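[1] the sequence isn't on hand, but the structure is:
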């Protein structure tokens, strides 16, 4: 049975991705900063008939928590087939370039960038033991430097200094990671789930978690001929899926 770790999976897009991958036959490690909330989410999926889901306490900003999760998962399996780096925070809005506090930048980057680095580095050995490992970093089309610089883009006037900057940094990390793993079976991509109605945006999004989960799960499930080192946003380019960095 294939295995996947999803961070920030006790609700929203992470939980829906866990549901869809469990439906595809994966054993899902449901990462949750609050273990009780993670267990409640796992129980919810169990009630839907998805038995291969278990909660793992995982605070991506805590080295001790990440290492404890790595040790626990390592006790249960010799290989990890996929990692979905989904955990993220916005830091609250608005985020003016001249008004956003430095400590807010630090908090958001600690989760959205450093947390991804910390988790990826901790689990890379388990991923390397899988025959076709996959890493999906959940990004944002709003962090495309190309699109944000284009006055004709429909969201051109929707600017924020902190959250998009953190995702842009995540995108650069993904490019470098995919390059380093280019001669291996790894597939490493950024996937934009779309503007999804979740707690993260006070449910202002126009898409559903079902749509978002499908977009992320798709790039966990890609075969050996699938893309790597790409920025995927099927909300914006449904035919090819790829958008500019």
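    In hand now; what should we look at? Keep in mind that what you see is a predicted model, and the values were worked out from it rather than measured.

[2] low-confidence stretches in the protein?
    197-206, 239 (pLDDT under 70).

[3] what comes into contact with the lengthiest helix in the chain?
    Assignment by DSSP state H gives helix 163-180 as the longest helix of the chain. For helix 163-180, the surrounding residues in contact (Cβ atoms under 8 Å, 6 or more residues apart in numbering) are 85, 88, 90-91, 95, 105, 108-109, 111-113, 116-117, 120, 135, 137, 139-140, 142-143, 145, 148, 186, 188-190, 228-229, 231, 245. Placement of C-beta: from N, CA and C, glycine included.

[4] let's see that with 6 Å instead.
    90-91, 108-109, 112-113, 116, 137, 139-140, 142-143, 188, 190, 228-229, 245 (Cβ atoms under 6 Å, 6 or more residues apart in numbering).

[5] how about stretch 125-145?
    By Cβ under 6 Å, 6+ apart, stretch 125-145 touches 78-86, 164, 167-168, 170-171, 174, 185-188, 190-192, 216, 219-220, 233, 236, 243-244.

[6] how about that stretch: buried residues?
    126-127, 130, 133-144 (16 or more other Cβ atoms under 10 Å).

[7] all the strands of the protein, residue numbers only.
    3-6, 27-32, 53-57, 82-85, 134-138, 187-191, 231-232 (DSSP state E).

[8] which non-adjacent residue is nearest residue 216?
    Nearest residue to residue 216, sequence neighbours excluded (Cβ to Cβ, 6 or more residues apart in numbering): residue 17, at 4.8 Å.

[9] tally of neighbours for that neighbour?
    30 (other Cβ atoms under 10 Å).

[10] enumerate every residue touching it.
    Contacts of residue 17 by Cβ under 6 Å, 6+ apart are 6, 213, 216, 217.

[11] among the residues you listed, which are in helices?
    Those of the contacts of residue 17 lying in helices (DSSP H): 213, 216, 217.

[12] ok, how many other residues are close to the last one?
    Applying other Cβ under 10 Å, we find 24 residues neighbouring residue 217.

[13] again, but for residue 19
    23.

[14] swap in residue 67?
    Residue 67: 12 neighbours (other Cβ under 10 Å).

[15] same check, this time on the one 4 residues further on
    By other Cβ under 10 Å, 10 other residues sit near residue 71.

[16] going forward, the N-terminal residue is numbered 27.
    In the new count, where the first residue is 27, that last one comes out as residue 97.

[17] could you measure from the residue nearest the centre of the chain over to residue 141?
    In the chain, the residue lying closest to the centroid (Cα atoms, centre = their mean) is residue 112, at 2.5 Å. Using Cβ to Cβ, to the nearest Å, we find residue 112 at a distance of 10 Å from residue 141.

[18] on that earlier part again, with distance to residue 72 added, can I get the strands of the chain in a markdown table?
    As requested, the strands of the chain are exported to a markdown table (distance: least, Cβ to Cβ, whole Å):
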| stretch | distance to residue 72 |
| --- | --- |
| strand 29-32 | 16 |
| strand 53-58 | 11 |
| strand 79-83 | 7 |
| strand 108-111 | 20 |
| strand 160-164 | 24 |
| strand 213-217 | 27 |
| strand 257-258 | 31 |
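
[19] for residue 95, which of those strands is the nearest?
    Nearest to residue 95 among those is strand 79-83; the distance by Cβ to Cβ comes to 5.1 Å.
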